[in-house]
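Enquirer: Could you work out the structure for the sequence below:
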Amino acid sequence: MKFSVFTSEDLVYLPEVQPPTWSNLIPRFAKFIQDEHCHPIKLQLGHEMVGIGTTICHEDSAWLACIIVHPEHRRKGLGQMITQELLDSLDKNKYQTIYLVATDLGFPVYQKLGFIEEKKYLHYKNEGIDYSYVPSIQTHFYDKSYREAILQLDSELTCENRMDTLMEHLPAAKLYFEANKLTGYYLPTLGEGHILAATTVAGTELLKLKIKDSALYGFPEDNITAQDCVKSVGLQYHSTSRRMFLGKKRNWNSECNYSRIGGHLG
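Expert: Okay, the predicted model is just below:
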């Protein structure tokens, strides 16, 4: 077996490793290949691709993402091999905290490598609910004059510098203001539709916007406001995943996360 860089020629083989409940991996890996902050790899047995994964690097933190083993090669320790390869590729002095989101299948693998469970994410689905909502007058579309305020709010609530990930999605942002101060943002084009909010009012209003036009919802279990909001419109609980970290613990505000990005970025 050997590791090598995942390239555009490997995209056609992704359906063979694609978990049935995951969204299409091809657009995601096409993005990883192009992004200088991402470093996707593949594990090969002969000419067969038996596993994949990637790192996604921010200023001083990094994420491991899309660690997947071919269904016919599971329970052979390959998931641990891929994770260790990704860890070994990172400069631990620069990237002081390494994150990932674990499914039930991957959780014990990551525990063996020293990852610590930090939070549980609750996942809900919209299974055909017809929901209409009129946005609050305090909800605004993006303007470039709001750029720095968004990035500052994101840094304060996540304790990460994620500017490189956020920038291309800012033009689609929907923003919430209270007393002329930005208190929340919704990025419909980032992952599952990311929402961060410093107040419960902002979080609830932006989550209602997302419910109107999205099918997937995931947020930390201690965000009771988000739970109450999705339950109130009849969304159904679907599953749980775990956010884990290795290295320096950061005091990010999980109660301000009203919709995660996705398994590849929390």
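
Enquirer: Which strands or helices does the strand ranked longest in the chain pack on?
Expert: For the chain, the strand that runs over the most residues, judged by DSSP state E, is strand 236-247. Applying 3 or more Cβ pairs under 8 Å, 6 or more residues apart in numbering; DSSP states H and E, one finds that strand 236-247 makes contact with strand 97-102, helix 107-112, strand 116-125. All C-beta spots, glycine's among them, are computed from the backbone N, C-alpha and C.

Enquirer: can you give me the angle that strand makes with strand 116-125?
Expert: If you take axes from the mean of the first three to the mean of the last three Cα atoms, to 10 degrees, strand 236-247 sits at 160 degrees to strand 116-125.

Enquirer: K210 falls within a helix, correct?
Expert: Yes: membership of K210 in a helix is supported by DSSP: H, G, I helix; E, B strand; the rest coil.

Enquirer: pLDDT value on it, please?
Expert: On pLDDT, K210 comes in at 92.

Enquirer: Can you check what pLDDT the model gives the nearest residue in space to R242 that is not next to it in sequence?
Expert: With sequence-adjacent residues excluded and distances taken as Cβ to Cβ, 6 or more residues apart in numbering, R242 is closest to A102, at 4.6 Å. Looking at A102, its pLDDT is 96.

Enquirer: cool, the one 3 residues further on as well?
Expert: Looking at L105, its pLDDT stands at 90.

Enquirer: Show the contacting residues for the residue nearest to R242.
Expert: Counting by Cβ atoms under 8 Å, 6 or more residues apart in numbering, A102 touches Y110, F115, E117, S241, R242, R243, M244.

Enquirer: Give me the buried subset of those.
Expert: Y110, F115, S241, R242, R243, M244 (16 or more other Cβ atoms under 10 Å).

Enquirer: Max pairwise distance over these: which two?
Expert: Distance extremes for the buried ones among the contacts of A102: the farthest pair is F115 and S241 at 13.2 Å, using Cβ to Cβ.
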